[in-house]
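Colleague: Quick check, what structure comes out for this input:
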Amino acid sequence: ALPPHHHVAPERAALADPATRRFWLDGPGAAPPLLLGGPGPRITVTRPVPLDDDDTDRVAEAARAAGVPVKSYLLAVHLRALGETAGRDDVVSGLVVGGRPEGAGSDATLGLFLNTLPVTATLRGRPLAELAGDAWHAERSLMGHHRFPLAEIVRAGGAGPRFDSFFNYTHFHADDRAGPRVVVSRVTTVDVGFSLAVDLAVVPDTGRLALALQYDGRRFDADWADRLAATFTRLLATEPTAALPPAGPPADPPTDARSRWSARVAGAWRDVLGVTPRSAATTFAAAGGDSLRALRLVRTLRQRYGTGLTLAEFAELADFGALVERVARDG
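Modeller: Residues are numbered from 1 along each chain as shown. Down below sits the predicted model:
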């Protein structure tokens with residue numbers, strides 16, 4: 001087996017590489033956040049999702065027709081499902097990638113060697129086959145930069161996590177010859193700091209796809225999980241080249257001034273926190289805000305709309321509705 005420094009050294013080299021740092025901090029790591037849950041996300045519940053046997057063949061054929069790997073097509077389905085769940089056409093999610101060192105003996109080295117990195121997509125009405133092409137391009141582009149740790153992307157970005165969901169795809173190949181055997185289980189909940197994990201795997205014994213959702217049961221209930229599962233199964237059965245409706249809200253601007261300012265402030269709020277306020281009574285702290293994000297929101301509103309709002313004023317406002325009223329006075 002390779003000793004651990006064969007993994008540690010490439011990670012340190014990635015941290016020291018200016019081009020890799022720029023790739024993440026100026027690219028996917030700077031995407032507007034999409035946070036499904038609140039502060040302190042934690043996966044606590046696992047929900048297996050039954051799939052039809054036809055889904056495996058359908059996805060394989062769709063991927064072949066699109067000229068992409070099955071993994072890329074499934075990642076496109078994940079990003080589309082995420083957009084529909086969040087009501088957004090611009091999405092960011094995590095992609096689990098392998099960082100196992102190359103070389104003889106690597107396969108005998110114990111460890112996960114995994115990293116989770118941001119990938120982005122613009123959905124609009126684009127077909128799944130087109131989104132899959134983008135997903136394949138995104139994964140190819142990040143290779144060579146894939147050992148840059150997620151923790152450093154979050155720390156160096158200075159604005160907190162950009163996403164709290166991730167996609168993981170595994171395809172372990174069964175081998176009937178003597179030797180180690182892979183045993184796949186979808187009933188164990190992995191306790192990690194995310195609100196949602198989507199695990200898609202090719203089961204070694206059957207060659208069929210398996211889907212499991214792991215989510216923060218403190219934030220989301222069984223009905224939410226059922227709706228998300230139904231979204232995935234519907235998308236897996238969707239014609240790959242068919243145009244899809246926008247995942248986000250209609251683009252028509254509100255007509256009255258109060259509604260226009262509410263939409264503007266909600267957009268800035270979403271760009272900073274990753275979620276839109278649920279109601280006028282939503283407080284910034286309850287939505288996951290902190291002092292650094294408050295500063296970003298105030299700066300965003302000042303730069304976009306010329307408001308004179310100060311950080312001190314913002315700290316005195318009770319909720320989203322009060323923020324809209326304050327900003328609208330400058331309009």
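
Colleague: what ranges do the helices span in the stretch 151-300 of the chain?
Modeller: 222-236, 257-273, 291-305 (DSSP state H, counting those that start in this stretch).

Colleague: helix or strand right after the last one?
Modeller: Just to be clear, that refers to helix 291-305. Remark: after helix 291-305, the chain's next helix or strand is helix 311-316, criterion DSSP states H and E.

Colleague: I'd like to check what contacts that following helix. Which residues are they?
Modeller: With C-beta atoms under 8 Å, 6 or more residues apart in numbering as the test, helix 311-316 has contacts from 284, 294-295, 297-298, 323, 326. Backbone N, C-alpha and C define where each C-beta goes, glycine included.

Colleague: same deal with stretch 79-91?
Modeller: Residues outside stretch 79-91 that contact it (C-beta under 8 Å, 6+ apart) are 31-32, 34, 36, 93, 119-124, 128, 131, 135, 165, 167, 198, 227-228, 231-232, 235, 244, 246-249, 270, 275-276.

Colleague: what packs against the helix or strand hosting residue 321?
Modeller: Take DSSP H and E as the rule and residue 321 turns out to sit in helix 320-328. When contacts are defined as 3 or more C-beta pairs under 8 Å, 6 or more residues apart in numbering; DSSP states H and E, helix 320-328 packs onto helix 257-273.

Colleague: Now the helix it packs on - C-alpha only, CSV.
Modeller: The C-alpha atoms that make up helix 257-273 are tabulated as CSV, following Å, rounded to 0.1, in the frame of the first residue of the first chain:
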residue,chain,number,x,y,z
ALA,A,257,-43.7,49.8,-6.3
ARG,A,258,-44.0,47.8,-3.0
SER,A,259,-44.0,44.5,-4.8
ARG,A,260,-41.0,45.6,-7.0
TRP,A,261,-39.0,46.4,-3.9
SER,A,262,-40.0,43.2,-2.2
ALA,A,263,-38.8,41.2,-5.3
ARG,A,264,-35.5,43.2,-5.4
VAL,A,265,-34.7,42.7,-1.7
ALA,A,266,-35.7,39.1,-1.9
GLY,A,267,-33.3,38.6,-4.8
ALA,A,268,-30.4,40.1,-2.9
TRP,A,269,-31.4,38.1,0.2
ARG,A,270,-31.3,34.9,-1.8
ASP,A,271,-28.0,35.8,-3.4
VAL,A,272,-26.4,36.2,0.0
LEU,A,273,-28.2,33.4,2.0
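
Colleague: which helices and strands sit right next to that helix?
Modeller: Using 3+ C-beta pairs under 8 Å, 6+ apart, helix 257-273 sits against helix 291-305, helix 320-328.

Colleague: Which residue lies nearest the spatial centre of the chain?
Modeller: Centrality entry for the chain: nearest residue to the mean C-alpha point is residue 93, 1.4 Å, by C-alpha atoms, centre = their mean.

Colleague: Leaving out chain neighbours, which residue sits closest to it?
Modeller: residue 165 (4.9 Å; C-beta to C-beta, 6 or more residues apart in numbering).

Colleague: Which strand residues bridge that neighbour?
Modeller: Residue 165 has these beta-bridge partners by DSSP bridges: residue 196.

Colleague: what about it, how many neighbours?
Modeller: Using other C-beta atoms under 10 Å, residue 165 has 25 neighbouring residues.

Colleague: so where's the stretch 151-300 of the chain uncertain?
Modeller: For the stretch 151-300 of the chain, applying pLDDT under 70 flags the ranges 174-188, 249-255.

Colleague: Report the contact partners of residue 111.
Modeller: 4, 7, 100.

Colleague: right, I mislabeled it, should have said residue 273
Modeller: Residue 273 touches 33, 35, 284, 287-289, 293, 297, counting by C-beta under 8 Å, 6+ apart.

Colleague: same thing with residue 72?
Modeller: 63, 132-133, 135-136, 139.

Colleague: And for residue 78?
Modeller: Counted by C-beta under 8 Å, 6+ apart, residue 78 has contacts 93, 167, 198, 200, 232.

Colleague: Just say which of the helices of the stretch 151-300 of the chain is most tucked in.
Modeller: helix 257-273 (a mean of 18; mean count of other C-beta atoms under 10 Å).

Colleague: Now do it against helix 291-305, angle only.
Modeller: When axes from the mean of the first three to the mean of the last three C-alpha atoms, to 10 degrees is applied, the directions of helix 257-273 and helix 291-305 differ by 140 degrees.

Colleague: gap between helix 257-273 and the chain center?
Modeller: Centre-to-centre, helix 257-273 and its host chain are 22 Å apart (C-alpha atoms, centre = their mean, to the nearest Å).

Colleague: by how many degrees do that helix and helix 320-328 diverge?
Modeller: Using the same axes, to 10 degrees: helix 257-273 against helix 320-328 is 110 degrees.

Colleague: Strands along the stretch 1-150 of the chain, start to end?
Modeller: 45-49, 90-98, 114-122 (DSSP state E, counting those that start in this stretch).
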